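Asks: Sequence first, predicted model second:
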Amino acid sequence: MPRKAAAKEEESQGGEQSPEKENKKDEIQQLQDMLAAVLNYLSDDEVEEIDMEYLLDHTEGLREFWNQHLEKNRKKVEEEIKKSLGDLSIEELEKIREQIKEKKE
């Protein structure tokens with residue numbers, strides 16, 4: 001019954017959808033467009049080597065999407081690194097420490 005009530009509610013509102021639903025539909029459409037563009041690129045027989053930068057530069061919205069994805073996964077990556085540190089030799093750990101020091105400078 002809740003489905004019927006929701007459908008009747010939409011009908012009573014003139015069939016209009018909430019701004020949230022419209023935003024979700026727009027986001028879904030944008031993701032579908034990006035996926036289609038990437039798949040077209042990947043399936044092109046003339047492309048011999050996949051160029052990620054080309055995809056990011058020439059697919060509308062893909063770079064922003066990728067950056068958001070990377071930031072969301074940052075914590076996961078940090079945890080994976082922390083867990084793997086115990087398996088490294090002291091020499092490897094010292095190399096990493098030097099890289100971090102250079103990065104801070």
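Replies: In hand now; what should we look at? Since the structure is predicted, the reported quantities are computational estimates derived from the model, not experimental observations. Numbers count the residues shown, from 1 in each chain.
Asks: any residues touching stretch 60-71, and which ones?
Replies: 30, 31, 33, 34, 37, 38, 55, 56, 57 (C-beta atoms under 8 Å, 6 or more residues apart in numbering). C-beta here means a position set from N, CA and C on the backbone, and glycine is covered the same way.
Asks: Quick one, which of these are buried?
Replies: 34, 37, 55 (16 or more other C-beta atoms under 10 Å).
Asks: Let me know the closest of the residues you listed to residue 83.
Replies: Taking C-beta to C-beta as the measure, residue 83 lies nearest residue 55 of these, at 31.0 Å.
Asks: Look at the closest one and report its pLDDT.
Replies: Note on residue 55: pLDDT of 93.
Asks: Give the other helices and strands that the helix or strand hosting it contacts.
Replies: Per DSSP states H and E: residue 55 is located in helix 52-58. Under the contact definition 3 or more C-beta pairs under 8 Å, 6 or more residues apart in numbering; DSSP states H and E, helix 52-58 sits against helix 19-43, helix 62-72.
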